Structures are given as structure tokens and as C-alpha cells.
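K.L.:
Take this sequence and fold it.
(one chain, ligands or ions: 2)
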Amino acid sequence: MEEQLRKSDTLTVVGELAAGIAHEIRNPMTALKGFIQLLENSMVGSQSHSMYFNVISSELQRIESIITEFLILAKPQAIHFNEYDVCRIMKDTIELLNAQALMHGVEFNIYYEKDLPSIYCEPNQLKQVFINIIKNAIEVMPKGGNITVKIVDQQDGYIHITIEDEGSGIPSDKIKKLGEPFYTTKDRGTGLGLMVSFKIIKEHKGTVEVESEVEKGTIFHIKLPSSKHC
Ligand code: ADP
Ligand code: MG
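P.N.:
Numbering: from 1, shown residues only. Ligands and ions are numbered 1, 2, ... in the order given. As a prediction, this is how the structure comes out:
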């Protein structure tokens, strides 16, 4: 309980900070990117500099990802809740990530139960959650594998969404660290994807549980209230 409280305090502080700084950083970033592009174009042929430009671009890209994730936290005004078909949102997400998955030799197995009740949600935010979790699943299977997505009605007022991978898994003592700001085990990670996702699911009155076995894979269980029970 205390752990939960501490986490949500951190979330509030980070959210408020994000609102203040994210917009301020984004504008000069756009200018920087533009001028670096111009500089690079004007130096075509100079081999020795191309590596520097690659580093600059990839670092700028990294700052941009962090800002984007912060902005999702800081944009409550864009929230429009309504009734939506969660399968439609998942289909759109998978379509979006299909090219990236194929490039990594990752295939999707999908099972959607028929005639599911709709859910009351903000579709763009929910899509963001699915993107974050599925991207992580792709990233933990560098040699390829399967991602299994299931959506079923639990008949207890909740729609149950599971996203399962065959990746590295997560040691049990690390599971509680998921969703902590900046917790990442990746060289180029931001450690913000799950934090944003957990916050969004909480705002939808849902829950997330993580089941994982090292070397076997991980299952994210998301439960969201179905509309007919709202
Ligand atoms: P990032 O992807 O930038 O590292 P996230 O918040 O998305 O940040 O994830 C945080 C960490 O949680 C990851 O660095 C990874 O260690 C762990 N993680 C998340 N999803 C999975 C997964 N499907 N399998 C194994 N580890 C995962
Ligand atoms: Mg991630």
C-alpha cells in the first residue's frame, strides 16, 4: 500500500513537471533538427562527419521519444471518453506495428471473442498502451517469435486483454519495478512506456498484472470495465 502511494506521488510530480517543460523543450528541438539537417546537407561528401551526424540524430531522436511520452502524461485536455470496440483499437495498433514486427521476425496470433461489449475509453490513449506493451514484446524477441493477443469477456464486468510474448522474461524481483519512472534495462530505453501505460489503465478504472518466467516469456493481463456494467 505504501509502495502504491509512493508510486502515485511520484507520478503526480512527474506529470506536473512534464506539463511545464515538455512544450518548452519541443520547440527548440524542432529548430535544432532542422538546422542540423541543413548543416549535414551542406557538408555532403565529408565522410568523417557523417558519424557525428548519426550520433546527433539518434540522440535527438531519443530526446524526442522522452518528450513525446512526457506529453502523453501532460495532456489531460485531449481526453474524450466514449464507447468503443476494444478489438478495433487493438486491430489498428497491430496494423501500425506489423511492419516493425515482421522486420524482427515476430508474428501475431490473435483471438478476439465474438460480440464483445464495448468499453468506455479514450481510444488514442488505449492505443498508446497497446503500442507500448506490444513494442516491448517485439523488443524482447530479437531472434523473432510469437506475440499472442487475446480479448475475452470475463463475464464479471471486465474485458480481459492478454498480450503474451516468448521473450527473455522478467525476474520476479524486478516485476515490482515495472512502471517506475526511468526504470529500463535497455541501452536506448526511456523507462517511461509502462509508467504512462499503467497511468492510463488506472484512469480507465482498469488493472494491469504481469506474469513472467525468465527465458520463457511474459504475459501482460489488462482488465478494463465493460460498458454494459458502467
Ligand atoms: P523501455 O522500453 O524504454 O525500457 P518501458 O517502461 O516500456 O521502458 O519498460 C521498462 C522495462 O520493463 C524494460 O526496459 C524491460 O526491462 C521491462 N519489460 C517491459 N516489457 C517487457 C517484456 N515484455 N519482457 C521483458 N521485459 C519487459
Ligand atoms: Mg518500452
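K.L.:
and the most centrally placed residue in the chain, how far is that from ligand 1?
P.N.:
Geometric centre of the chain, nearest residue: N132, 1.8 Å, by Cα atoms, centre = their mean. Going from N132 to ligand 1 by Cβ to the nearest ligand atom, to the nearest Å gives 6 Å. C-beta coordinates here come from the backbone N, C-alpha and C atoms, glycine included.
K.L.:
That residue against K199, yeah?
P.N.:
No - look at N132 against K199 with Cβ atoms under 8 Å: they stay out of range, at 11.0 Å.
K.L.:
in the chain, which spans are helices?
P.N.:
With DSSP state H as the criterion, the chain has helices at 2-42, 47-73, 86-103, 123-139, 172-175, 193-203.
K.L.:
wait, which of those helices is closest to ligand 2?
P.N.:
Among the helices of the chain, the nearest to ligand 2 by Cβ to the ion is helix 193-203 (3.3 Å).
K.L.:
Which positions within the closest one qualify as buried?
P.N.:
193-201 (16 or more other Cβ atoms under 10 Å).
K.L.:
got it, and stretch 111-124?
P.N.:
112, 117-123.
K.L.:
Stretch 132-142 too?
P.N.:
Buried residues in stretch 132-142 (16+ other Cβ under 10 Å): 132-134, 136-141.
K.L.:
Does that stretch reach ligand 2?
P.N.:
Yes - counting by Cβ under 5 Å from the ion, ligand 2 has neighbours in stretch 132-142: N136.
K.L.:
Centre of the chain to that stretch, how far?
P.N.:
10 Å (Cα atoms, centre = their mean, to the nearest Å).
K.L.:
what's the answer for stretch 34-41, then?
P.N.:
30 Å.
K.L.:
Quick check: which ranges of the protein have low pLDDT?
P.N.:
The chain contains residues with pLDDT under 70 at 1-20, 45-48, 72-79, 228-230.
K.L.:
At the contact with ligand 1, which residues of it appear?
P.N.:
132, 136-137, 140, 165, 167-168, 170, 178, 183-186, 189-195, 218 (Cβ under 6 Å from any ligand atom).
K.L.:
what residues does stretch 127-135 touch?
P.N.:
72, 89-90, 92-94, 96-97, 100, 147, 149, 163, 193-194, 196-197, 200-201, 220, 222 (Cβ atoms under 8 Å, 6 or more residues apart in numbering).
K.L.:
and these, which are buried?
P.N.:
Judged by 16+ other Cβ under 10 Å, buried ones among the contacts of stretch 127-135: 72, 89-90, 93-94, 97, 147, 149, 163, 193-194, 196-197, 200-201, 220, 222.
K.L.:
Which ones, among those, also lie beside ligand 2?
P.N.:
G193.
K.L.:
just to revisit the earlier point, can you list the buried residues of stretch 132-142 in a markdown table and add distance to A31?
P.N.:
Output for the buried residues of stretch 132-142, formatted as a markdown table (distance: Cβ to Cβ, whole Å):
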| residue | distance to A31 |
| --- | --- |
| N132 | 28 |
| I133 | 33 |
| I134 | 33 |
| N136 | 32 |
| A137 | 35 |
| I138 | 32 |
| E139 | 31 |
| V140 | 36 |
| M141 | 38 |
